[in-house]
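Chemist: sequence plus the predicted model coming up.
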Amino acid sequence: MRQSARREAGRKALPNTVLKGAYKILAPYRETTNSFLFKGRLLEKPQELIIKIVKERYVKKANFIDQYTKVLEATSHLAGHPNILKMHDFDYIAQRFCVVTDYFESLSVEEMLSKGQTLPLALILKTLEQTAQVLGLAHREGLQHRHLKLDNILISPESHELRITHFSLPRSATSTVPLRNKVFSVSSDILTLGILLYRLFCFEYPFAHRNELPELVSDKLETKLKTTYRELSPEDIQAICSLFIHSTTRDVNRRLGRYEEFIDEIQRLCLSCKPLVEKKKKQDAEEKRNSLETAFDTVAALRGDLRRPSALPVSEAERSSLTAPGEDENEGGELVWGREGDSLFSLESPIVTFVLIALIGSLLVGFVYKLIF
């Protein structure tokens with residue numbers, strides 16, 4: 001009971017918490033493996049923030065904060081790049097390690113892949129292009145370890161914009177066992193991009209073991225492209241498979257040696273697929289329009305409003321009335337289509353219908369009476 005009361009008191013006090021006199025916590029956002037995330041804002045200006053507070057057991061874990069601080073410091077050197085999430089602060093606050101960044105409405109690549117839903121072609125290509133550009137920048141700035149976890153790549157489903165939260169240290173950098181290739185080279189970055197390409201299309205890691213050849217794995221990628229992205233031409237499918245092979249081949253001499261080669265091929269694919277992407281957008285818009293028309297007819301039929309022939313198109317005003325209630329919606333929740341309400345004295349009014357039926361019935365009775373008598 002005491003613990004639940006303490007938690008409830010903490011929740012109520014949470015929105016009033018201000019860190020370092022600059023960052024105000026507004027509400028819980030979500031929980032990750034090693035931290036709690038909160039939505040917040042700057043006190044000086046209306047800037048939305050994410051305040052990440054590392055869990056206590058990780059703060060106490062040996063070398064965890066030291067390594068985490070190193071990657072945050074390394075990433076902060078790239079702060080001017082638009083695809084790097086802006087970092088305001090990272091420091092110990094009240095015996096907790098906190099990281100304060102801009103808020104970015106998004107999902108991580110890991111979250112997107114876990115849903116198992118087919119990703120739009122335009123999103124995949126733009127994600128690959130932007131990731132390659134960030135890795136290229138990190139290499140030019142002398143960042144030795146450019147290891148990217150999929151949790152640290154954030155994507156906006158709407159705009160397809162990408163943000164990198166931070167890079168990570170690979171195992172080779174933290175291992176006590178001396179390894180031959182401790183520094184990530186351009187070749188290893190290209191390998192990362194090739195694996196990312198495969199996962200964005202197929203949702204799984206391409207290689208079951210270290211010696212598996214990408215030429216064999218690409219057959220599965222080709223099948224996936226043909227069955228899922230049927231709008232792709234055979235040439236574009238072959239180009240994507242070839243890009244995967246030349247990004248992941250174990251023969252370093254055959255692997256792409258520059259970020260620009262990877263980016264150029266992705267940009268060429270973007271141009272080639274642009275008409276297909278636009279066509280897909282139009283098809284989606286048409287499907288949405290048709291579904292709204294169907295919804296209009298369905299609700300109208302339920303209300304007994306059958307005045308509209310199904311062949312007539314639904315107007316924009318009527319379509320919008322399906323998505324948002326208008327001023328004519330009464331307190332009882334009865335929907336009124338259009339600006340004019342149903343009159344009691346219109347031809348569709350049940351009172352008028354009753355009067356007409358009674359009148360016609362009396363005329364028929366009088367006519368039959370005259371015929372008989």
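Modeler: That came in fine, so what should we check first? Numbers count the residues shown, from 1 in each chain.
Chemist: for Ala27, helix, strand, or coil?
Modeler: Classification of Ala27 by DSSP: H, G, I helix; E, B strand; the rest coil places it in strand.
Chemist: that one: how many residues sit nearby?
Modeler: By the other Cβ atoms under 10 Å criterion, the neighbourhood of Ala27 contains 10 residues. For glycine as for every other residue, the C-beta is placed from the backbone atoms N, C-alpha and C.
Chemist: for the chain, what spans make up the helices?
Modeler: Ranges of helices within the chain are 2-13, 56-59, 64-76, 109-114, 121-140, 171-174, 186-202, 214-228, 234-248, 259-302, 316-323, 350-372, based on DSSP state H.
Chemist: weakest of these by average pLDDT?
Modeler: If the helices of the chain are sorted by mean pLDDT, helix 2-13 sits at the bottom with a mean of 50.
Chemist: the residue most central in space within the chain - nearest residue in space that isn't next to it in sequence?
Modeler: For the chain, the residue lying nearest the average C-alpha position, counting by Cα atoms, centre = their mean, turns out to be Pro157 (3.0 Å). Spatial nearest neighbour of Pro157, chain neighbours left out: Leu107 (6.4 Å); criterion: Cβ to Cβ, 6 or more residues apart in numbering.
Chemist: now that neighbour: how far from Arg258?
Modeler: Taking Cβ to Cβ, to the nearest Å as the measure, Leu107 and Arg258 are separated by 30 Å.
Chemist: likewise Leu213?
Modeler: From Leu213 to Arg258 the distance is 23 Å (Cβ to Cβ).
Chemist: got it, and Gly194?
Modeler: Taken as Cβ to Cβ, the spacing of Gly194 relative to Arg258 amounts to 14 Å.
Chemist: and those two? which has more neighbours close in?
Modeler: In this comparison of Gly194 against Arg258, neighbours counted by other Cβ under 10 Å, the higher total goes to Gly194 at 23 against 11.
Chemist: so what's the more buried one closest to, chain neighbours aside?
Modeler: Here the residue nearest Gly194, using Cβ to Cβ, 6+ apart, is Ser247, at 2.7 Å.
Chemist: please name the residues that touch the one you found.
Modeler: Residues in contact with Ser247 (Cβ atoms under 8 Å, 6 or more residues apart in numbering) are 190-191, 193-195, 197, 255-256, 262.
Chemist: how deep is Ile84 tucked in, by neighbour count?
Modeler: When counting by other Cβ under 10 Å, one arrives at 22 neighbours for Ile84.
Chemist: how about Lys39?
Modeler: The burial count assigned to Lys39 is 16, neighbours taken as other Cβ under 10 Å.
Chemist: go on, Val54?
Modeler: Taking other Cβ under 10 Å as the criterion, the count of residues near Val54 is 21.
Chemist: just the pLDDT for the nearest residue to it once chain neighbours are set aside.
Modeler: Closest residue to Val54 apart from its sequence neighbours, by Cβ to Cβ, 6+ apart: Phe97 at 4.3 Å. Predicted confidence (pLDDT) at Phe97: the value is 93.
Chemist: what residues are bridge-paired with Phe97?
Modeler: For Phe97, the beta-bridge assignment (DSSP bridges) gives partners Tyr92.
Chemist: try the one 10 residues further on
Modeler: Per DSSP bridges, residues listed as beta-bridge partners of Leu107: Ile155.
Chemist: dump the residue contacts of it.
Modeler: Taking Cβ under 8 Å, 6+ apart as the criterion, Leu107 is in contact with 154-155, 157.
Chemist: nearest residue to Ser106 other than its sequence neighbours?
Modeler: The shortest distance from Ser106 to any residue that is not its chain neighbour, by Cβ to Cβ, 6+ apart, is 4.0 Å, and that residue is Leu154.
Chemist: wait, what's in contact with the one you found?
Modeler: Under the criterion of Cβ under 8 Å, 6+ apart, the contact partners of Leu154 comprise 85, 104, 106-109, 162-165.
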